[in-house]
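**Student:** Sequence and predicted model, in that order:
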Amino acid sequence: MTEAIGKHIALPGDQGELWVEVAGAGDPLVFIHGFGLDAAMWDKQFAHFSRTHRTIRYEMRGFGRSSRPVGPYDHVEDLQHLLAHMGIRSADFIGLSLGANVALNLARVHPQAVRALVAASPGLPGHAWNEERPPEAAQAYARSHGVEATRRFWFEHPLFAGSRSRPDARDDLWSAIQRYDGWHWTHENPMRPFSLTAAHLAEIKAPCLILSGGLDVAGYRDIARTIAAGVPSAMLVEFSDAGHMVNLDDPARFNHEVQRFLEKSQQDAEG
């Protein structure tokens with residue numbers, strides 16, 4: 001991997017900064033982390049793909065080294081600002097969970113910016129959950145027990161069963177949860193809601209790879225199937241032995257599936 005360069009980029013209107021890191025050269029590839037996590041969750045992907053791409057990972061507003069919200073904001077608008085600042089008109093995107101939602105919504109509202117996208121363990125506003133949605137369960141727990149106890153509750157949630165069974169993934173996940181300051185558990189989040197629902201999936205025209213862990217909770221597995229069925233160009237790949245954190249639980253296969261998808265998308269675009 002070429003030397004990575006990390007820096008802060010100012011958000012408009014005195015809204016703070018986003019932290020971003022870039023390595024490699026070639027077509028741009030943007031990684032977007034999940035809720036309660038940060039850019040380090042992509043370590044194994046960042047090193048792998050920076051050999052062939054201009055590889056970018058950033059930390060969303062409210063997470064990691066980026067600023068906490070001070071008023072209403074939109075994750076998709078933040079990403080558009082980041083891309084414009086870096087002179088990127090279009091790129092490939094890889095997001096997990098919340099990060100997948102950001103990429104999917106970008107593909108709907110700003111389609112010319114998205115050449116192809118990978119949505120791992122995505123969520124979907126409006127989906128009818130049969131169990132309590134995991135982020136809401138953690139927030140409710142934090143209100144009664146505090147942030148420190150909720151870190152353990154979050155780590156032990158069925159969401160992460162796949163990661164807890166693998167020493168490397170378990171350690172990486174626990175480190176990430178310890179780094180998270182719990183802001184969203186203790187504050188009302190002024191984030192503007194995503195506009196994408198199941199009714200809009202057919203509007204996404206970019207090639208789309210949906211990755212789902214067989215050990216993930218049922219709600220996210222159902223959502224992956226819903227998105228794969230609704231997006232015209234989507235393909236679903238299931239990791240039977242991985243949980244929500246498919247990139248941590250099976251990084252070798254994750255990298256292989258993503259690389260194969262990106263290569264095919266590029267060939268189709270050129271052909």
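**Tutor:** Everything's here; your move.
**Student:** Test my guess that residue 5 contacts residue 24.
**Tutor:** No: judged on Cβ atoms under 8 Å, residue 5 makes no contact with residue 24 at a distance of 10.6 Å. C-beta here means a position set from N, CA and C on the backbone, and glycine is covered the same way.
**Student:** Those two - which one has more neighbours?
**Tutor:** A direct count of neighbours by other Cβ atoms under 10 Å for residue 5 and residue 24 places residue 24 higher, at 21 against 9.
**Student:** Counting by contacts, list what the lengthiest helix in the chain packs against.
**Tutor:** Secondary structure of the chain per DSSP state H: the longest helix is helix 251-270. Applying 3 or more Cβ pairs under 8 Å, 6 or more residues apart in numbering; DSSP states H and E, we find helix 251-270 packed against helix 43-49, strand 91-96, strand 114-120, strand 208-213, strand 234-239.
**Student:** Quick one: those as a markdown table, columns for distance to residue 166 and mean neighbour count too.
**Tutor:** Formatted as a markdown table, those follow (distance: least, Cβ to Cβ, whole Å; neighbours: other Cβ atoms under 10 Å):
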| stretch | distance to residue 166 | mean neighbour count |
| --- | --- | --- |
| helix 43-49 | 13 | 19 |
| strand 91-96 | 16 | 26 |
| strand 114-120 | 16 | 26 |
| strand 208-213 | 12 | 26 |
| strand 234-239 | 12 | 18 |
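**Student:** Generate JSON lines for the ones you listed, with distance to residue 131 and mean pLDDT as supplementary columns.
**Tutor:** What follows is the helices and strands packed on helix 251-270, written out as JSON lines (distance: least, Cβ to Cβ, whole Å; pLDDT from 0 to 100):
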{"stretch": "helix 43-49", "distance to residue 131": "29", "mean pLDDT": "97"}
{"stretch": "strand 91-96", "distance to residue 131": "20", "mean pLDDT": "98"}
{"stretch": "strand 114-120", "distance to residue 131": "20", "mean pLDDT": "98"}
{"stretch": "strand 208-213", "distance to residue 131": "16", "mean pLDDT": "98"}
{"stretch": "strand 234-239", "distance to residue 131": "20", "mean pLDDT": "98"}
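**Student:** could I get those as JSON lines with distance to residue 79?
**Tutor:** Formatted as JSON lines, the helices and strands packed on helix 251-270 follow (distance: least, Cβ to Cβ, whole Å):
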{"stretch": "helix 43-49", "distance to residue 79": "17"}
{"stretch": "strand 91-96", "distance to residue 79": "9"}
{"stretch": "strand 114-120", "distance to residue 79": "10"}
{"stretch": "strand 208-213", "distance to residue 79": "17"}
{"stretch": "strand 234-239", "distance to residue 79": "20"}
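**Student:** quick one: which of these is nearest residue 188?
**Tutor:** In terms of Cβ to Cβ, the element of the helices and strands packed on helix 251-270 nearest to residue 188 is strand 91-96, at 24.2 Å.
**Student:** ok, back up a step: which one of the helices and strands packed on helix 251-270 lies closest to residue 167?
**Tutor:** Among these, the nearest to residue 167 by Cβ to Cβ is helix 43-49 (14.5 Å).
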